[in-house]
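Engineer: would you be able to build a 3D model of this:
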Amino acid sequence: MKLYGGIDLHSNNCVIAIINEQGETLTVKRLNNDMSVILSFLSPYKDNLKGLVVESTFNWYWLVDALIDT
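Structural biologist: Numbering: from 1, shown residues only. From the prediction side, this is the model:
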C-alpha cells in the first residue's frame, strides 16, 4: 500500500498527516519538534511512505536534513 505524508512545521511543534492512495486520512497527530518523537511516529509507515512533504515558513532545514539522513 502506498502512503503519503505531510508535515506542517511550526516553531515548537508539527502536525503530521498520513494518507493512503485513495486520499483517505489514516492518522493526524500534533507532535513536539523532537526528532526522536517524529521518527518514532513515522516508523510504522516508513516502508510504505512514497512521499513526504514539509510546509514551513522558516526553520525547515533541521527536519529535512534529519529525514534525509534516516
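
Engineer: just checking, L31 touches I16?
Structural biologist: Yes - between L31 and I16 a contact is recorded at 6.4 Å, counting by C-beta atoms under 8 Å. Where C-beta positions appear, they are placed from N, C-alpha and C, glycine not excepted.

Engineer: overlap of the contact sets of these two?
Structural biologist: Overlap of the contact sets of L31 and I16 (by C-beta atoms under 8 Å, 6 or more residues apart in numbering) consists of I38, F41.

Engineer: neighbour count for these two, which is higher?
Structural biologist: Remark: of L31 and I16, I16 carries more neighbours, 20 against 15, as counted by other C-beta atoms under 10 Å.

Engineer: element containing the more buried one?
Structural biologist: Taking DSSP states H and E as the definition, I16 sits inside strand 13-20.

Engineer: name the helices or strands packed onto the following helix or strand past that strand?
Structural biologist: Counting by DSSP H and E, the next helix or strand C-terminal to strand 13-20 is strand 25-32. Where contact means 3 or more C-beta pairs under 8 Å, 6 or more residues apart in numbering; DSSP states H and E, strand 25-32 is packed against strand 13-20, helix 35-42.

Engineer: now do the buried residues in the first one.
Structural biologist: What that stands for is strand 13-20. Neighbour-count burial for strand 13-20 flags C14, I16, I18, I19 (criterion: 16 or more other C-beta atoms under 10 Å).

Engineer: is it true that the third one touches M1?
Structural biologist: No - with contacts defined as C-beta under 8 Å, I18 does not count as touching M1, sitting 11.0 Å away.

Engineer: ok so, going back, reformat the buried residues of strand 13-20 as TSV; add distance to L42.
Structural biologist: Shown next, in TSV, are the buried residues of strand 13-20 (distance: C-beta to C-beta, whole Å):
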residue	distance to L42
C14	11
I16	7
I18	8
I19	14
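
Engineer: just to revisit the earlier point, pairing partners for the strand holding I16, with directions?
Structural biologist: Neighbouring strands of strand 13-20 in its sheet, by DSSP bridges, are strand 3-9 (antiparallel), strand 25-32 (antiparallel).

Engineer: noted, bye for now.
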